[in-house]
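**Q** sequence first, predicted coordinates after that:
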Amino acid sequence: MDIFFKHIALIIIATSLATPAHAEPTILTGTVTHVRDGDTIEVGKVPIRLNGVSAPELKEPLGPQSKQFMRNLVNGKHVRCELTGAKTYDRFVGTCYLDGEDIGIAVIAAGRALDCPRYSGGRYAEFELASSREAIKLPNYCR
């Protein structure tokens, strides 16, 4: 495992173990080096799954367009991510901001993703487009 990734993982683990549940989230800032899809980016070498955002998979309708939207939005740019301490597969979960704006709102408002209410608490629902609700299938894990 890459030493940088180990270091970040240890910081996140140590922070989550050493602080109460209501503590401030762990903050990660850096340049987006890769966009995996519409709801997963890499900051440096750290993969981050956008909390409460459900973008279509690459093989699903709008999947490639969702990835391209995210790539155009953040690739090569400096972001600030508030990590929750949760992890899904190899990705840390968090909310990321570009110039102070939540990129989850941007991808949903562009019609390239949906609110995932199980994890967002519905905070992105108002930004969804009706056409997106028809075109994008919300996964069962979001319900």
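**A** Cool, got the structure.
**Q** for the rest of this, base every contact and every neighbour count on C-alpha atoms.
**A** Will do.
**Q** per-residue confidence at the residue most central in space within the chain?
**A** In the chain, the centroid-proximal residue (C-alpha atoms, centre = their mean) is Leu50; its distance is 1.4 Å. pLDDT recorded at Leu50 is 98.
**Q** what's across from it in the sheet?
**A** Gly94 (DSSP bridges).
**Q** roughly how far apart are it and Ile105?
**A** Applying C-alpha to C-alpha, to the nearest Å, the value for Leu50 to Ile105 is 10 Å.
**Q** what distance do you get for Lys77 to Asp102?
**A** Distance from Lys77 to Asp102, by C-alpha to C-alpha: 14 Å.
**Q** assumed Phe69 was part of a strand.
**A** No - assigned with DSSP: H, G, I helix; E, B strand; the rest coil, Phe69 falls outside any strand and is helix.
**Q** list the helices and strands the helix or strand hosting Val79 packs on?
**A** Assigned by DSSP states H and E, Val79 belongs to strand 78-88. Contacts defined by 3 or more C-alpha pairs under 8 Å, 6 or more residues apart in numbering; DSSP states H and E place strand 78-88 against helix 3-18, strand 26-37, strand 91-98.
**Q** buried sites along the second one?
**A** Read that as strand 26-37. Within strand 26-37, the residues that qualify as buried are 26, 28, 30-37, counting by 16 or more other C-alpha atoms under 10 Å.
**Q** so Phe69 is in contact with Ala106, correct?
**A** No - contact criterion C-alpha atoms under 8 Å: Phe69 and Ala106 do not qualify, at 9.2 Å.
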